[in-house]
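Visitor: kindly generate the corresponding structure for this input.
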Amino acid sequence: MNINYSLNLSMISRELRLLLDILKVEHDDSIWTLKEELVKDIDWELFLKLAKHHRVYPIIYLKIKKIDEKLIPSRVINILNQKYIENTYRMLRLAAEMEIVSKIFTENHIRLLFLKGPVIAEDIYGDISLRTSKDLDILVPINDISKAEELLLYNGYEREESSAVFDNWRWMTHHVTYFHPQKEVQIEIHWRLHPSPGKEPNFDELWERKRVSTLTTYPVHFFGEEDLFIYLVAHGARHGWFRLRWLVDIDKIIRKRKDKENINLLLKKYLHYNNIGQATILANRLLNTPIPEEMKSISTGKRTRKRTSKIAQLSIFYIVEMGDLEINQYNDNLVNNSSGLMKLNLQKSLVNRYLFSMKSNLQKISFVLQLLYPSHEDSVILKLPKPLYFLYFPLRPFLWAWRKTRRQSV
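Guide: Just a heads-up that it's a prediction; the model follows:
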């Protein structure tokens, strides 16, 4: 099946194209085939910013460290080298803490699965220094959340203060964050893989298909191959792939894996066709990922072709603009003039369009209902005593309109 995955990539900058061209190189020795025109007139500060933002600087550094200075300035390589060293030490610290947490939880009869971090860096890349992680993400059965929190607090972790006025965290979110001030390690405890509502495997199913990491001495459990692949695809899609690291993960897994039969069975059960289709198109067009025949049918079938192409194109904007938070920060200086404000509103509109398009019908209904639910911002505008919290519900539309009016007048 010969398929051309067509995407409009005209908005991609020269610097981002260079980053992608380097990532496409399969063997480090092939980096010498980079053509001089690819590095001509490159803004190296922007190139470094992109490498850091997309969290691919470890791979970029190893691919270009021996390249001719006429192509890439030594200053750029030195900065990437420093970032690579820092990341290696960070991943070693996280790996050590991962083993400690696994031991503590296991000895206290709490099952846990590591979602990301050093354990998947070792599994996907074979080297923890080649992937970045800022924290440890663990999944525990929902009934064990309170006990898991007690263990973390007892062992020096502090819970991130929630800004929620209402007791809604379990249905509005899917994880809670803890930080160890001495170790400078952050842990997220998840009771769901993704924000609700949505169909996903329960903990017992995931536990049954778990694997044991070869990275540590004490047993550390993480997802089976199929579950990990589908989780990473869904996670990347939910965030618009605004970090290329997530797409590189998918590329590496696909290149390693040959048997996709089990993945297809899980896809049918948990309905991730659109996410897989989008990831397939993006990986193929941006990283030259060879797509197995079994997966081509997912991204090109009548049920998914039009939708996956549409959301893949929307995510190109997200990748280029480095996510909605970056868009807001990057364009702060534009809102003082009408043309800048128009551009910012257009960008935010595209981001919101993408995020809404990724939701299932049930999630769209839930999203609309959540808009009617009071938020922390409402309590900041109008402080009410707890016995009168119920008034936030009828006042919600007026408080929302007040916030919008204030923001536009600033």
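
Visitor: mean confidence for stretch 66-83?
Guide: Across stretch 66-83, the average pLDDT comes to 87.

Visitor: and it, end to end?
Guide: One end of stretch 66-83 to the other measures 16 Å (CA to CA, to the nearest Å).

Visitor: what residues sit buried inside that stretch?
Guide: Across stretch 66-83, burial judged by 16 or more other CB atoms under 10 Å covers 67, 71, 72, 76, 77, 79, 80, 83. Where C-beta positions appear, they are placed from N, C-alpha and C, glycine not excepted.

Visitor: farthest-separated two in these?
Guide: Farthest-apart pair in these is 71 and 83; separation 19.5 Å (CB to CB).

Visitor: per-residue confidence for residue 272?
Guide: So residue 272 comes in at 63 (pLDDT).

Visitor: residue 299 now?
Guide: Residue 299 is given a pLDDT of 58.

Visitor: residue 4 too?
Guide: So residue 4 comes in at 56 (pLDDT).

Visitor: next step: the buried residues of stretch 66-83 restricted to helices.
Guide: 76, 77, 79, 80, 83 (DSSP state H).

Visitor: want to throw those into CSV with distance to residue 112?
Guide: CSV is the format used below for those (distance: CB to CB, whole Å):
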residue, distance to residue 112
76, 40
77, 39
79, 37
80, 34
83, 30
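
Visitor: you'd agree residue 104 is up against residue 155?
Guide: Yes. Contact criterion CB atoms under 8 Å: residue 104 and residue 155 qualify, at 6.4 Å.

Visitor: compare those two and say which is more crowded by neighbours.
Guide: residue 104 (16 against 13; other CB atoms under 10 Å).

Visitor: got the domain ranges for the chain?
Guide: The chain breaks down by automatic domain parsing into domains covering 103-223, 374-410.

Visitor: what's the most buried one of those?
Guide: Greatest average neighbour count among the domains of the chain goes to domain 103-223 (a mean of 17), per mean count of other CB atoms under 10 Å.

Visitor: for the record, mean pLDDT for that domain?
Guide: 89.

Visitor: coming back round to it: can you list the domains of the chain in TSV and add distance to residue 244?
Guide: Below are the domains of the chain laid out as TSV (distance: least, CB to CB, whole Å):
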stretch	distance to residue 244
domain 103-223	11
domain 374-410	31
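
Visitor: looking at the ones you listed, which is closest to residue 231?
Guide: Across the domains of the chain, closest to residue 231 is domain 103-223 (CB to CB), at 5.9 Å.

Visitor: measure that closest one end to end?
Guide: End residues of domain 103-223 are separated by 18 Å (CA to CA).

Visitor: can you check stretch 159-178 too?
Guide: End to end - CA to CA - stretch 159-178 spans 4 Å.

Visitor: cool, and stretch 207-226?
Guide: Using CA to CA, the two ends of stretch 207-226 sit 13 Å apart.

Visitor: please compute how far that stretch lies from its chain's middle.
Guide: Offset of stretch 207-226 from its chain centre (CA atoms, centre = their mean, to the nearest Å): 21 Å.

Visitor: cool, stretch 60-68 as well?
Guide: On CA atoms, centre = their mean, the centre of stretch 60-68 falls 26 Å from that of its chain.

Visitor: next one: stretch 52-62
Guide: So, by CA atoms, centre = their mean, the centroid of stretch 52-62 is 15 Å from its chain's centroid.

Visitor: check stretch 201-210 too.
Guide: 22 Å.

Visitor: kindly report the same for stretch 195-210.
Guide: 19 Å.

Visitor: kindly report the same for stretch 49-66.
Guide: So, by CA atoms, centre = their mean, the centroid of stretch 49-66 is 18 Å from its chain's centroid.

Visitor: these two touch, right, residue 145 and residue 190?
Guide: No. Residue 145 is beyond contact range of residue 190, at 9.4 Å (criterion: CB under 8 Å).

Visitor: quick one, strands of the stretch 51-200 of the chain?
Guide: 113-114, 136-139, 158-159, 175-180, 185-190 (DSSP state E, counting those that start in this stretch).

Visitor: let me have those in JSON lines, adding distance to residue 240 as columns.
Guide: Below are the strands of the stretch 51-200 of the chain laid out as JSON lines (distance: least, CB to CB, whole Å):
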{"stretch": "strand 113-114", "distance to residue 240": "24"}
{"stretch": "strand 136-139", "distance to residue 240": "19"}
{"stretch": "strand 158-159", "distance to residue 240": "28"}
{"stretch": "strand 175-180", "distance to residue 240": "19"}
{"stretch": "strand 185-190", "distance to residue 240": "20"}
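
Visitor: quick one: closest of the ones you listed to residue 274.
Guide: Once the strands of the stretch 51-200 of the chain are compared by CB to CB, strand 185-190 is nearest, at 22.3 Å.

Visitor: what's downstream of the closest one, the next helix or strand?
Guide: helix 203-208 (DSSP states H and E).

Visitor: and the contacts of the helix or strand just after that next one?
Guide: Downstream of helix 203-208, the first helix or strand assigned by DSSP H and E is strand 211-212. By CB atoms under 8 Å, 6 or more residues apart in numbering, the surrounding residues in contact with strand 211-212 are 123, 219, 220, 221, 222, 223, 224, 225.

Visitor: sounds good, over and out.
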